[in-house]
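In: mind looking at a prediction? Sequence and model below.
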Amino acid sequence: MLPSSGLAWWLLILPLLSAASTLVYLHRKPNMAIFASVASASLCFLLALGIAAGSVGEPTPFEWMSFPGLQIDVGMILDPLSKGMLLVVTGVGLLVHIFSIGYMAHDPAKARFFGGLSIFMFSMTGIVIATNLIEMFFFWEGVGLSSYLLIGFWYDRESAAQAANKAFVCNRLADFGFMAGILTLWMMTGSVSITQDALQGALLHPSPVAENHALATATPPVTPASRQPLLTNGGGVQQFSGWLAFVLVLGLFAGCMGKSAMFPFHVWLPDAMEGPTPVSALIHAATMVAAGVYMLCRVYPLLLLSPPGMLFIAGIGCFTAIFAALIAVQQNDIKRILAYSTLSQLGYMVMAVGCRGPAAAMFHLSTHAFFKALLFLAAGSVIHALHDEQDIWKMGGLARKIPLTFWTFLIGYLALIGFPGFAGFFSKDVILAVAFQAHPIFFWVGAFTAFLTAFYMTRLVVVAFFGRARSNAAEHPHESGAVMTVPLIILAVFSAVGGFALGIEGFYHGWSISQLRSTGQLPSTGATPQLPALGLLLGTVVPLIMVFGGIFLAFALYRGRDSDPLHIKVLANKFYFDELYDRQLVGGQQLFARFLGWIDDWVLEGAILRGAAYLSVGVGELCKLIQTGSLQTYAFVLSIGGALLVYFTLFAH
């Protein structure tokens, strides 16, 4: 163990150095830029392995900022939660880097692309190891910046530029809520730290600011002598005044809603497909969209302060899961189908957190990282083989022509739909069992979502890989090279056996369960779910019925078809949310901007600024009329003025 060696800091230093050197010095030397980026990703993965094995310890934190009542340190949390997440982020990130070598080989701006990947890895790694919410928010915004740069990488395409803007704006709106949650936490506890010890101490001993807010169960104001801990030793949650706790939970969840694209911020994620396919894999698999779920699991004890807030989280996650799955049923772009499947799976994870199952959420996050990265990279291999064709109805017969891509894609498909034995089968079924324990409606909506997932993914596989070729590109595709297929094989292995290798107990939210239970700081319903036999049975049997039903129905409908027999316009148009936002939000903003422009032109600039100028000029012109230069005229005017003065002095009264 090297607890104070500082070796762990290289997790941040390496990708930052890679990004800086690539964008400043190596932008005209693409091969050197690629080497720097891939080398930094490789070394970060090796460091993550060392941290997970215990060979590298936590570095000593240092003070960043200090204010009266608040000190912000920069450090690293290297507990079971962050260790597992680091392996996922750096491992999948490394495979995406390697795949990108082949995928971006002919792009003239590949140095800029790899520089953006390094910024992304720097920011996402920072989120995972942050010790407080201010530190996390710094890296949180870094992920937003790097995703903006990568989504809009092909900025000469209007659609890519608009997609990058949409992602940036949606996340900035949600981040206002996240900032409000951070400020509320500071007001309640006097701290923004999210380490285990800091959160336990803050929750058990509220700050002086928090003492001004009476507890929900206290009628007189709380005094130091009568103050009760927020989490009582009996295991129940002793809440602040309900509105304050709800504001805290809602604010923190707002950050998750933006990053993890929960409804109604879901619109940016499908459009993010305008970036290169490796970017889609990086965003959808283990990094940006997973950051919201990870943050919820990291601050999970805080969420317990507001049961209504937990119910809200579960409800939003449940709705997003089925909402996105319905849209995916009628999408034809291979990457957009996978994008909506990501939205749906993220809904599962968020629902699990709201149903008091953070372990299940992290378990599914980890398995999902493998098979979703596999599916996106395999889709990239398909697009590469078909010379950038993405419409599944212009594919067909690819199973025989690009067999390695097909078999790896098939493994990812089986893992995603929860086919028995594959990674998604274990993690998804645990979420459904947790949902059954929380409320039957969450379980049945989740089970029907599993049916839809099997249906639209089987539709994709049947249409794209079987039948006859439906375009010239599909007639003569070419298999990708080893630099692209080797990452697919590695991810396929983890997608197949990940459920066995990981297990749920290893992905609890990183807190010591026994310690929390012994001190009474964790309610029994908030620990690793004690799943009843009926919940486990229904969580396994019902999803299996749904999965096989979805597979059978999709085969029956799409086998041998050259066009879609279903024409559900509202699903194909994504429930018209883009049009609604464009008309109501964008249109309303533009109308308000035009009104402000009118105010600026006619009131501020016209009446006030120009009006004052014109008045001054007019008075000057009038005065100029009497400036004749004639002494007789001046004497005449002076005599008239004197006469008027005498008149008003003597006779005006």
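Out: Received the coordinates, thanks.
In: first-to-last residue distance for stretch 146-159?
Out: 18 Å (C-alpha to C-alpha, to the nearest Å).
In: pull out the buried positions in that stretch.
Out: Neighbour counts over stretch 146-159 (16 or more other C-beta atoms under 10 Å) mark 146-154 as buried. C-beta coordinates here come from the backbone N, C-alpha and C atoms, glycine included.
In: could you do stretch 479-494 as well?
Out: Those would be 479-480, 484-485, 487-488, 490-492, 494, for stretch 479-494 by 16+ other C-beta under 10 Å.
In: returning to that earlier point: in strands, which of the buried residues of stretch 146-159 appear?
Out: Using DSSP state E, no member of those falls within strands.
In: tell me, what residue is most central in this structure?
Out: residue 259 (1.8 Å; C-alpha atoms, centre = their mean).
In: which helix of the protein spans the most residues?
Out: helix 158-189 (DSSP state H).
In: so for it, mean pLDDT?
Out: Mean per-residue pLDDT for helix 158-189: 91.
In: how about the strands of the stretch 401-550 of the chain, start to end?
Out: Secondary structure of the stretch 401-550 of the chain (DSSP state E, counting those that start in this stretch): no strands present.
In: any regions of it where pLDDT drops low?
Out: 501-537, 539 (pLDDT under 70).
In: where along it do the helices fall?
Out: 403-417, 423-438, 440-465, 472-475, 482-502, 513-519, 533-558 (DSSP state H, counting those that start in this stretch).
In: report the angle between the second one and helix 403-417.
Out: On the basis of axes from the mean of the first three to the mean of the last three C-alpha atoms, to 10 degrees, helix 423-438 is oriented at 10 degrees to helix 403-417.
In: tell me what helix 423-438 is packed against?
Out: helix 307-328, helix 334-354, helix 358-385, helix 403-417, helix 440-465, helix 482-502, helix 533-558 (3 or more C-beta pairs under 8 Å, 6 or more residues apart in numbering; DSSP states H and E).
In: how close does the spatially closest residue to residue 409 that is not a sequence neighbour get to residue 69?
Out: Closest residue to residue 409 in three dimensions, ignoring its sequence neighbours and counting by C-beta to C-beta, 6 or more residues apart in numbering: residue 378, at 3.9 Å. Per C-beta to C-beta, to the nearest Å, residue 378 is found 52 Å from residue 69.
In: neighbour-wise, which of those two wins?
Out: residue 378 (33 against 11; other C-beta atoms under 10 Å).
In: thinking again about what came up before, just send the buried residues of stretch 479-494 back as JSON lines, with distance to residue 178 too.
Out: Formatted as JSON lines, the buried residues of stretch 479-494 follow (distance: C-beta to C-beta, whole Å):
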{"residue": "479", "distance to residue 178": "44"}
{"residue": "480", "distance to residue 178": "39"}
{"residue": "484", "distance to residue 178": "37"}
{"residue": "485", "distance to residue 178": "39"}
{"residue": "487", "distance to residue 178": "33"}
{"residue": "488", "distance to residue 178": "35"}
{"residue": "490", "distance to residue 178": "34"}
{"residue": "491", "distance to residue 178": "31"}
{"residue": "492", "distance to residue 178": "36"}
{"residue": "494", "distance to residue 178": "31"}
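In: returning to that earlier point: out of the helices of the stretch 401-550 of the chain, indicate the one that is most buried.
Out: Greatest average neighbour count among the helices of the stretch 401-550 of the chain goes to helix 423-438 (a mean of 27), per mean count of other C-beta atoms under 10 Å.
In: roughly how far out does that one sit from the chain middle?
Out: Here helix 423-438 is found 22 Å from its chain centre; the criterion is C-alpha atoms, centre = their mean, to the nearest Å.
In: ok, stretch 361-381 next?
Out: Counting by C-alpha atoms, centre = their mean, stretch 361-381 comes out at 15 Å from the chain centroid.
In: and that stretch, average pLDDT?
Out: 92.
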